[in-house]
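sequence and predicted model, in that order:
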Amino acid sequence: MVEHTRRNRTLFFSTHVLEVAERLCDRVAIINKGRIIACGTLDELRSGQTGETLESIFLELTEK
């Protein structure tokens, strides 16, 4: 996976382990009930949220 990203290739990675996504992904989309509710870099997702980790941001967005 990392080798593909080093070669400037797009890689779609789906996981429920948010710590892994936080470490590996440049951009993240959060899906809730089949709809994308947030998309961007981790810094962009942190903007406007109180959470620092992807998991806390996910919980904050999906509990609305």
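Sure thing, it's come through. Numbers count the residues shown, from 1 in each chain.

do a quick rundown of the helices in the protein.
Taking DSSP state H as the test, the helices found in the chain are 2-6, 18-24, 42-46, 54-62.

looking at the ones you listed, which is closest to Phe12?
Nearest of the helices of the chain to Phe12, taken as C-beta to C-beta: helix 2-6 at 10.6 Å. Any C-beta I mention is one placed from the backbone N, CA and C, and that applies to glycine too.

for Asp26, phi and psi?
phi -80, psi -40 (degrees, to the nearest 10).

quick check: the gap between it and Arg46.
14 Å (C-beta to C-beta, to the nearest Å).

between those two, which has more neighbouring residues?
Using other C-beta atoms under 10 Å as the criterion, Asp26 and Arg46 rank with Arg46 on top: 16 against 9.

that one contacts Glu52, correct?
Yes. Contact criterion C-beta atoms under 8 Å: Arg46 and Glu52 qualify, at 6.6 Å.

and the residue nearest the centre of the protein?
Val28 (2.9 Å; C-alpha atoms, centre = their mean).

count the residues that sit near Phe58.
Phe58, neighbours per other C-beta under 10 Å, totals 22.

for it, give me its contacts.
Going by C-beta atoms under 8 Å, 6 or more residues apart in numbering, Phe58 touches 18, 30.

quick one, grab the pLDDT at Thr5.
For Thr5, the model assigns a pLDDT of 69.

sorry, back to before: okay, and the beta partners of the residue nearest to the centre of the chain?
Gly40 (DSSP bridges).

you'd agree it is up against Leu61?
No. Assessed by C-beta under 8 Å, Val28 is found out of contact with Leu61, at 11.3 Å.

find the residues that touch each one of the two.
Contacts common to Val28 and Leu61, judged by C-beta under 8 Å, 6+ apart, are Ala38.

quick one: low-confidence parts of the chain?
4-5 (pLDDT under 70).

so how far is Gly51 from Ala21?
Relative to Gly51, and taking C-beta to C-beta, Ala21 is found at 14 Å.
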